[in-house]
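>>> sequence plus predicted model, see below.
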Amino acid sequence: MNRAIAMGAAAAIGAAAGAALFAVAMPRAKPFAASVVSPAAASESGATIYYQDPDGKPFYSPTPKKTPDGRDWRAVPAGADVSLDEPETTPAGAKTERKIKYYRNPMGLPDTSPVPRKDSMGMDYIPVYEGEDGDDGSVKLSPGKIQRTGVKSEPVMRRPVESIIRAPGTIQEDERRVSVVALRFEGFVDSVANVTTGDHVHKGEPLMNVYSPALSSAAAEYLSAINAGATGKELKGARRRLENLATPEPAIRELERTREISLSIPWLAPQDGEILERNAVNGMRAGPGDVLFRIADHRVVWALIDVAERDLNQVSVGAKVTIRPRGLGGRTFTGTVALIYPHLIAQTRTARIRVELPNPDEVLRPEMYVDAEIETGTPDPVLAVPESAVLHDDMRQVVLIDKGEGRFEPRQVKLGRHGGGYIEITDGIKEGEAVVTSANFLIDAESNLEAALKGFADADAPEPAATSRGASNTGEHQ
């Protein structure tokens, strides 16, 4: 007997907790009215399972009890349990009967029956009462079910949908700011200036002295034309031969001034930058095209970022990018996407983008690892819903529209950009409509969403015979 009383008390406390939650969320014109049980009802309904405060407060006891002023607690029999799905009060002697419209498949399949039946697994079909299912594909849930599942809705509104894509990358030289020093003729390096790999040089600074018979011959021809008083095309042709050999302009002017041919000519740096490669050695023979120096200007560098293939469609040229070098202690640099390379990297399934970064103090060094944050989306407001509001099916995306009074309508939508916890909706809903953002999966199961959606495609198709439905259900359940 004690065990039965204890089990009854546990059940009563669980029911009472649900009733308390429902009472907090719903309007309480008559609080705890459904929990008050008269002595006559207690005696007629069966054995007492617990006792309730006589004032209808949410206090319960497994044994008889009295209030501080001496009144007995009300006995609650097994037949007087509280259901959140029932009306709050029922007049004495009145019978509340709801009419069953049809029975639906217990597994959520789009299969109904006008009479009670079982599926191939022996499960009873679930009755659907009037007022619980609408002709427009919407479904209606009782306030108790809404309260228990924790359904939340919010209106659809316009908002910016922006997100940040994080990706790794490296610093590389700007290909347009690299040059080499090479001769266009057969010659010899008479001497090399005091510069080494890694030194910074300025445009016009001497790198080496070069001697060449071809260079001396061209200089002698030009000097002869000057001394002979040649003008026009003859003089210009002699000078052009020196220019075609890439003779530095200061050396040509010095020849015009002194009218003397030097044994060797100073060869100058073509640009500002760091010496990346120094192959010139005193006294060496150099052939046409041999790279003697390689110089790079690092005042502007590239950040090459590898973006995942799935995020590539969100990146556009001109997007703002924040670069954080891993070796510079939190220092940041800002640039924009200058180029999206046309090919993917097959091994990593990533796409490479280029960001041009000013580097006036040259702290960004080639091959340095960086982390990039790419800002995507648009600052203009668009129609958007929380990501939790969208149900993803195999072939479509659906949201549940809260139409009020416990009625919900599934609606197919088309999605746009993602970001900041929101998804852009390009088609399917209007601004101001309320969408379910919490517990929509529970509503989906409760309302047989598949059956409602199926009406979009084959609303005019004839319903298959009962035997065919049973065979189809067998395959689905397996």
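Yep, that arrived. Remember, predicted model here, so these are calculated numbers, not experimental data.
>>> and what about Glu243, helix, strand or coil?
helix (DSSP: H, G, I helix; E, B strand; the rest coil).
>>> how much space separates it from Ala218?
Taking C-beta to C-beta, to the nearest Å as the measure, Glu243 falls 9 Å from Ala218. (Glycine included, C-beta is placed from N, CA and C.)
>>> Ala280 too?
From Ala280 to Ala218 the distance is 22 Å (C-beta to C-beta).
>>> show me where the stretch 101-250 of the chain has strands.
Assigned by DSSP state E, counting those that start in this stretch, the strands in the stretch 101-250 of the chain fall at 112-113, 126-129, 139-140, 152-155, 157-173, 178-182, 187-192, 200-201, 206-211.
>>> mind listing what's buried along the fifth one?
I take that to be strand 157-173. Across strand 157-173, burial judged by 16 or more other C-beta atoms under 10 Å covers Pro160, Val161, Ser163, Ile165, Ala167, Gly169, Ile171, Glu173.
>>> out of the residues you listed, who's nearest Ala228?
Ala228 has its nearest neighbour among the buried residues of strand 157-173 in Glu173, at 48.3 Å by C-beta to C-beta.
>>> does that closest one touch Arg299 like I think?
No - contact between Glu173 and Arg299 fails when scored by C-beta atoms under 8 Å: they sit 11.1 Å apart.
>>> what about Tyr222, neighbour count?
Residues lying near Tyr222 (other C-beta atoms under 10 Å) number 24.
>>> measure it to Ile340 for me?
Tyr222 is 50 Å from Ile340, where distance means C-beta to C-beta.
>>> what does Asn313 give?
Distance from Asn313 to Ile340, by C-beta to C-beta: 11 Å.
>>> enumerate every residue touching Pro360.
Arg299 (C-beta atoms under 8 Å, 6 or more residues apart in numbering).
>>> now it: how far from Leu339?
22 Å.
>>> neighbours of the residue lying closest to Met284 once chain neighbours are set aside, how many?
Nearest non-adjacent residue to Met284, counting by C-beta to C-beta, 6 or more residues apart in numbering: Val189, 4.8 Å away. Using other C-beta under 10 Å, the number of residues around Val189 comes to 23.
>>> try Pro386
The burial count for Pro386: 18, using other C-beta under 10 Å.
>>> how about it, nearest residue that isn't a chain neighbour?
Nearest residue to Pro386 in three dimensions, chain neighbours excluded: Thr437, at 4.9 Å (C-beta to C-beta, 6+ apart).
>>> same check on Asp55?
Nearest non-adjacent residue to Asp55, counting by C-beta to C-beta, 6+ apart: Thr67, 7.9 Å away.
>>> the one you found is in contact with Pro54, isn't it?
Yes - between Thr67 and Pro54 there is a contact under C-beta under 8 Å: 6.4 Å.
>>> those two: which has the busier surroundings?
For the pair Thr67 and Pro54, the greater number of neighbours falls to Pro54 (16 against 12), based on other C-beta under 10 Å.
>>> isn't the residue nearest to Pro386 up against Ala389?
Yes - counting by C-beta under 8 Å, Thr437 touches Ala389, with 4.8 Å between them.
>>> tell me which of these two has more neighbours.
A count of neighbours by other C-beta under 10 Å puts Ala389 above the other of Thr437 and Ala389, at 26 against 19.
>>> what bridges to Leu304?
Applying DSSP bridges to Leu304 gives these bridge partners: Thr170, Arg354.
>>> what about it, distance to His392?
Distance, Leu304 to His392, using C-beta to C-beta: 34 Å.
>>> which one of the two has more residues nearby?
The neighbour count for Leu304 versus His392, taken as other C-beta under 10 Å, is higher for Leu304 (17 against 9).
>>> quick one: the more buried one and Ala351 touch, right?
No - assessed by C-beta under 8 Å, Leu304 is found out of contact with Ala351, at 10.9 Å.
>>> which one's more surrounded, Glu243 and Ala218?
Using other C-beta under 10 Å as the criterion, Glu243 and Ala218 rank with Ala218 on top: 22 against 12.
>>> doesn't Arg240 make contact with the more buried one?
No - the criterion here is C-beta under 8 Å, and Ala218 misses it with Arg240 at 9.7 Å.
>>> show me how far whatever helix or strand Thr378 lives in is from its chain's centre.
Assigned by DSSP states H and E, Thr378 belongs to strand 369-386. Relative to its chain's centre, strand 369-386 lies at 8 Å (C-alpha atoms, centre = their mean, to the nearest Å).
>>> neighbouring strands - and their directions - for it?
Applying DSSP bridges, strand 369-386 is found paired with strand 157-173 (antiparallel), strand 320-325 (antiparallel), strand 422-427 (antiparallel).
>>> adding mean pLDDT and distance to Thr112, write these out as TSV.
Output for those, formatted as TSV (pLDDT from 0 to 100; distance: least, C-beta to C-beta, whole Å):
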stretch	mean pLDDT	distance to Thr112
strand 157-173	90	37
strand 320-325	95	55
strand 422-427	86	30
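>>> Thr334: which of these is closest?
Among the strands paired with strand 369-386, strand 320-325 sits nearest to Thr334 (C-beta to C-beta), with 5.8 Å.
>>> send the alpha carbons of the closest one over as PDB?
Once non-C-alpha atoms are left out, strand 320-325 reads as follows in PDB (Å, rounded to 0.1, in the frame of the first residue of the first chain):
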ATOM      1  CA  LYS A 320      37.600  44.000 -46.800                       C
ATOM      2  CA  VAL A 321      40.200  41.600 -45.300                       C
ATOM      3  CA  THR A 322      42.000  41.800 -41.900                       C
ATOM      4  CA  ILE A 323      45.400  40.100 -41.800                       C
ATOM      5  CA  ARG A 324      47.000  39.000 -38.500                       C
ATOM      6  CA  PRO A 325      50.600  37.800 -38.900                       C
END
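>>> please point out which parts of that strand sit buried.
Val321, Thr322, Ile323, Pro325.
>>> so the first one makes contact with Ala303?
Yes - shown here, Val321 and Ala303 form a contact pair, counting by C-beta under 8 Å, at 7.5 Å.
>>> can you map out the helices along the protein?
2-25, 39-45, 143-149, 213-227, 232-244, 249-258, 440-447, 449-458, 466-477 (DSSP state H).
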